[in-house]
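>>> Predicted model and sequence follow; I will ask about them next.
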Amino acid sequence: MIKPKSEKNQTDDNNTSTRTTDQTQSREWRERYPTTVEATAKIDAYIKDNPQVYAKYDRMFSENPDYTKRTMIFKDIQIEGQKYALVKAQVPAAWEFYKGQMPENRTYIDNRLQGLSERGKDIAVVKWMESEQAYANRTAAREQSREIVQQRRAVSV
């Protein structure tokens, strides 16, 4: 429940600051949709060029807030679907990579995956595989550059 504005900054019985729902939601919104000077300028320019779109959203928020919320949720679902579509092709290779790991590594990964949906597990395993491969590539590149340096030193001596 959202507290009235007069109660927002009061403390509870333990003399700790209480966080209200609207403050938390506002913070989460700012973290999810960061506002930068560049983003604000782009939005302002878009509104200036498309005042009818701004009027449509303004009217939608004021006349039918539930529909607006559901529309925004649907857009989030579409974005998630697009992200998953990019990952989906890598899922079989990621699980094969997982199967090729030592048992203690698989146990560690299994613990990290607990509580995730199947889709969440797929995404997490693909990201983990990509980070492991990137680490292996960096390590190989480092070794290769060391060998080159050693060869150059041997030639110059």
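Cool, got the structure. Numbering: from 1, shown residues only.
>>> residue contacts, residue 107?
Neighbouring residues of residue 107 by Cβ atoms under 8 Å, 6 or more residues apart in numbering: there are none. Any C-beta I mention is one placed from the backbone N, CA and C, and that applies to glycine too.
>>> before we move on, which element is it in?
helix 103-113 (DSSP states H and E).
>>> what angle do whatever helix or strand comes next after that helix and helix 103-113 make?
Going down the chain from helix 103-113, the next helix or strand is helix 118-156, by DSSP H and E. Inter-element angle recorded for helix 118-156 and helix 103-113: 130 degrees (by axes from the mean of the first three to the mean of the last three Cα atoms, to 10 degrees).
>>> Just give me how far helix 118-156 sits from the chain centre.
24 Å (Cα atoms, centre = their mean, to the nearest Å).
>>> Need the pLDDT of residue 99.
As predicted, residue 99 sits at a pLDDT of 89.
>>> which residues make contact with the helix or strand containing residue 39 from outside it?
Using DSSP H and E, residue 39 sits within helix 37-49. Helix 37-49 has contacts (Cβ under 8 Å, 6+ apart) with 53, 54.
>>> which residues of this protein score low on pLDDT?
1-26, 29-34, 157 (pLDDT under 70).
>>> could you redo the last one with a cut-off of 50?
By pLDDT under 50, the weakly predicted segments of the chain are 1-18.
>>> Tell me how far residue 70 lies from residue 52.
22 Å (Cβ to Cβ, to the nearest Å).
>>> what about those two, which has more around it?
residue 70 (11 against 6; other Cβ atoms under 10 Å).
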